[in-house]
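Asker: build me a structure from this.
(chains A and B, ligands or ions: 1)
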Amino acid sequence: MSETTCPRCSSAGAVADYRGVEAGALIWTIHRCVVCCFSWRDSEPPSAIGAGVRSGDFAVDAANLDRYPKILQQ
Amino acid sequence: MTDIAKRAREITSLRDFLALLEEAGQAITWSERVMPEPDVRNVAVAASRDANGAPAIVFDNIAGYPGKRTAVGVHGSWDNIALLLGRPKGTSIRELFFEIVGRWGDAEAQISYVPEAQAPIHECRVESGINLYDILPVYRINEYDGGFYLGKASVASRDPEDPADFGKQNVGIYRLQLQGPDSFTLMTIPSHDMGRQIMAAERTGLPLKIAVMLGNHPGLAVFAATPIGYEESEYSYASAMMGAPIRLTKSGNGIDILADSEIVIEAEMQLGERVLEGPFGEFPGSYSGVRKAPIFKVTAVSHRRDPIFENIYIGRGWTEHDTLIGLHTSAPIYAQLRQNFPEVTAVNALYQHGLTGIISVKNRMAGFAKTVALRALSTPHGIMYLKNLIMVDADVDPFDLNQVMWALSTRTRADDIIVLPNMPAVPIDPSAVVPGKGHRLIIDATSYLRPDPIGEAHLVNPPTGPDIDALSKKIRVMQGGASA
Ligand SMILES: [Zn+2]
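Answerer: Numbers count the residues shown, from 1 in each chain, chains lettered A, B, ... in the order given. All right, here's what the predicted structure looks like:
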């Protein structure tokens, strides 16, 4: 289990989807939260991915995923 | 035909168009090293401050993406749109509008098919171990977007219930959020052709395969975003409007795609599944919320050698979104209104996909402009998008906002403003009462016709009194005698 924590919903266990590499050197990693589907790059500014810095308006409540509407319901 | 008009007709791909733009000083290569975030967004926003003259920008030195290129702002200014239409830089928006109106439904489509083995799109093919991040130098478009978006993809799909019908094949621009190396979500609404196809597939259990084209013929990009009829082909429109052939080929999963696109992602919808999507900084300039959207699994990717990933900056305007679709939103509304009302002289629906529209009309009678406004609300695009309508006289150019403000100031009476409550609304309009429902506003800024008939009516005074009462009785008696 990965220890990477999601900056949007604070769940642990985010997966690494891709690493940007130049001449053998790791430049950044793209992570994805399997709970709230947030994807981010670890080189982004703290305003976007910093815990406690990022705007709370865009948090996702991982305990209440039912509240999010489903589109194109029959 | 002018040289520039001839050049425009020779465009077959994004690369052709970028070359033409570069010659005209309307495309630049940004080779200074940039971080994917926030640099790409910052440069795109800085360019889009000049809606008239902004160049397309090709980034070729993005940290962590060695050798990869991404383009923004290809349709990001009126000068770029002018060059696409074969008109010189500096052509007025009004002239561009009438250039498009003049071509609307005018020419024959010329569609040719290229064998798959000869199509540039299939130069490189990935069918296993697919990782979209290997191919696409993605970046977060707006700071709080839920993920990495493909904001300028033309998605082609066949009608799941009638897959052989070329016309029912749809091409549309929908926002796609990457959901891992080989998956993405697609956001649409039931009134869009794609929404209709997704619902049909889920109702019937039939597969829904799609081909996501990135880096396309610049003429198709505008038609993929144009509200045309469900059974009309965006490819045919694009060819007819460009006055030039469109080269198609087949994707690996059997869909008609452009032979000369940069990248095509083949995918299949996972029936009935939904995952969290959003938010995304949308065209009204606000973030749409988090919703559960259909998810697609990638089955293969084809791309040209050294492909250019074309994307868009969209968010709080003015952005490429507005120049990409503004005129192609205005022209069909104009054409549809003119079928009933030849008095309509121009339609400006440039503002945020027509959330505000300005229509000029020759009043046929007092109050006529309001009737035309109501018809505009019932056009296919108007049903969801036309929220604020300003009606002006034919002597006012709806593309000249100084003239529009003059008309508002001098010709509007407060009681000529109509509010229609609780109408359908595009769900991402942040002013909606609830998503999908909101009020409409019609401001009649046309001058009233003389004579304005209020108070001119005189009552008819029919004969009354004992004589008339007596005649009435006599009629009843005569009627009774006849039936006895
Ligand atoms: Zn999360």
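
Asker: mind telling me what element the residue of chain B found nearest the ion is part of?
Answerer: Going by CB to the ion, the ion is nearest to residue B:276 of chain B, at 8.7 Å. The way it works is simple: take the backbone N, C-alpha and C, and place the C-beta from them, glycine included. Assigned by DSSP states H and E, residue B:276 falls within strand B:263-277.

Asker: now what about the next helix or strand after that strand, what contacts it?
Answerer: Next helix or strand after strand B:263-277 toward the C-terminus (DSSP H and E): strand B:280-281. With CB atoms under 8 Å, 6 or more residues apart in numbering or on different chains as the test, strand B:280-281 has contacts from B:141-146, B:149, B:175, B:177, B:187, B:287-288, B:314-316.

Asker: show me which of these are buried.
Answerer: Buried members of the contacts of strand B:280-281, counted by 16 or more other CB atoms under 10 Å in any protein chain shown: B:141-146, B:149, B:175, B:177, B:187, B:287-288, B:314-315.

Asker: from those residues, which are also near chain A?
Answerer: Residues of these in contact with chain A (CB under 8 Å from any CB of the partner chain): B:143-144, B:146, B:177, B:187, B:287.

Asker: let's have those residues in CSV, adding pLDDT and secondary structure.
Answerer: Putting these into CSV (pLDDT from 0 to 100; DSSP: H, G, I helix; E, B strand; the rest coil) gives the following:
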residue, pLDDT, secondary structure
B:143, 97, coil
B:144, 98, coil
B:146, 98, coil
B:177, 98, strand
B:187, 95, strand
B:287, 95, strand
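
Asker: mind pulling up the pLDDT for the residue nearest to residue B:108 when sequence neighbours are not counted?
Answerer: Closest residue to residue B:108 apart from its sequence neighbours, by CB to CB, 6 or more residues apart in numbering or on different chains: residue B:240 at 6.4 Å. Residue B:240 is assigned 85 on the pLDDT scale.

Asker: distance from the helix or strand containing residue B:240 to the middle of the chain?
Answerer: Element membership for residue B:240, per DSSP H and E: helix B:234-242. Relative to its parent chain, helix B:234-242 has a centroid offset of 15 Å by CA atoms, centre = their mean, to the nearest Å.

Asker: and stretch B:23-34, by the same measure?
Answerer: The chain centroid and the centroid of stretch B:23-34 are separated by 27 Å under CA atoms, centre = their mean.

Asker: and for that stretch, what's in contact with it?
Answerer: Residues outside stretch B:23-34 that contact it (CB under 8 Å, 6+ apart) are B:18, B:21-22, B:40, B:43, B:53, B:55-63, B:74, B:77, B:79-80, B:83, B:89.

Asker: filter those residues down to the ones in helices?
Answerer: Within those, residues falling in helices by DSSP state H are B:18, B:21-22, B:43, B:79-80, B:83.

Asker: any low-confidence regions in chain A?
Answerer: A:1-2 (pLDDT under 70).

Asker: who does the residue of it found nearest chain B bridge with?
Answerer: Of all residues in chain A, residue A:20 sits closest to chain B, at 2.4 Å by CB to the nearest CB. Residue A:20 has these beta-bridge partners by DSSP bridges: residue A:28.

Asker: and residue B:213, by the same measure?
Answerer: Beta-bridge partners of residue B:213, counted by DSSP bridges, are residue B:154, residue B:264.

Asker: how many other residues sit next to it?
Answerer: For residue B:213, the neighbour count with other CB atoms under 10 Å in any protein chain shown is 28.

Asker: ok, it - contacts?
Answerer: Residue B:213 makes contact with B:153-156, B:220, B:257-258, B:261, B:263-264, according to CB under 8 Å, 6+ apart.

Asker: ok, 7 Å please
Answerer: With contact set as CB atoms under 7 Å, 6 or more residues apart in numbering or on different chains, residue B:213 has these partners: B:153-154, B:156, B:257-258, B:261, B:264.

Asker: repeat that for residue B:296.
Answerer: By CB under 7 Å, 6+ apart, residue B:296 lies in contact with B:183-184, B:186, B:210, B:267-270.

Asker: okay if I get those residues as JSON lines plus distance to residue B:136, pLDDT and neighbour count?
Answerer: Below are the contacts of residue B:296 laid out as JSON lines (distance: CB to CB, whole Å; pLDDT from 0 to 100; neighbours: other CB atoms under 10 Å in any protein chain shown):
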{"residue": "B:183", "distance to residue B:136": "13", "pLDDT": "98", "neighbour count": "18"}
{"residue": "B:184", "distance to residue B:136": "11", "pLDDT": "98", "neighbour count": "26"}
{"residue": "B:186", "distance to residue B:136": "16", "pLDDT": "98", "neighbour count": "27"}
{"residue": "B:210", "distance to residue B:136": "16", "pLDDT": "97", "neighbour count": "26"}
{"residue": "B:267", "distance to residue B:136": "14", "pLDDT": "98", "neighbour count": "26"}
{"residue": "B:268", "distance to residue B:136": "19", "pLDDT": "98", "neighbour count": "15"}
{"residue": "B:269", "distance to residue B:136": "20", "pLDDT": "97", "neighbour count": "21"}
{"residue": "B:270", "distance to residue B:136": "21", "pLDDT": "98", "neighbour count": "14"}
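
Asker: what is the most widely separated pair among those?
Answerer: The distance between the two most remote of the contacts of residue B:296 (CB to CB) is 12.9 Å, for B:183 and B:210.

Asker: where do the helices sit along chain A?
Answerer: Secondary structure of chain A (DSSP H): helices at A:46-49.

Asker: ditto for chain B
Answerer: B:3-9, B:14-23, B:41-47, B:78-84, B:93-103, B:132-135, B:193-204, B:218-224, B:234-242, B:320-340, B:368-377, B:401-411, B:466-483.

Asker: and of those, who's closest to residue B:390?
Answerer: Using CB to CB, the nearest of those to residue B:390 is helix B:401-411, at 6.4 Å.

Asker: which strands or helices does the closest one pack on?
Answerer: Here helix B:401-411 touches strand B:388-393, going by 3 or more CB pairs under 7 Å, 6 or more residues apart in numbering or on different chains; DSSP states H and E.

Asker: mind running it again at 6 Å?
Answerer: Packed against helix B:401-411 by the contact rule (3 or more CB pairs under 6 Å, 6 or more residues apart in numbering or on different chains; DSSP states H and E) you find no helix or strand.

Asker: hmm, back to that, quick check on the contacts of stretch B:23-34: which are buried?
Answerer: Neighbour counting by 16+ other CB under 10 Å classes B:18, B:21, B:40, B:43, B:55-60, B:62-63, B:74, B:77, B:79-80, B:83, B:89 among the contacts of stretch B:23-34 as buried.

Asker: before we move on, back to that, ok, the residue of chain B closest to the ion - contacts?
Answerer: Shown in contact with residue B:276 (CB atoms under 6 Å, 6 or more residues apart in numbering or on different chains): A:36-37, B:290.

Asker: contact residues of chain A facing the ion?
Answerer: Contact residues (CB under 5 Å from the ion) of chain A with the ion: A:6, A:8-9, A:11, A:33, A:35-36, A:38.

Asker: go again using 6 Å as the cut-off
Answerer: For chain A, the residues in contact with the ion (CB under 6 Å from the ion) are A:6, A:8-9, A:11, A:33, A:35-36, A:38, A:60.
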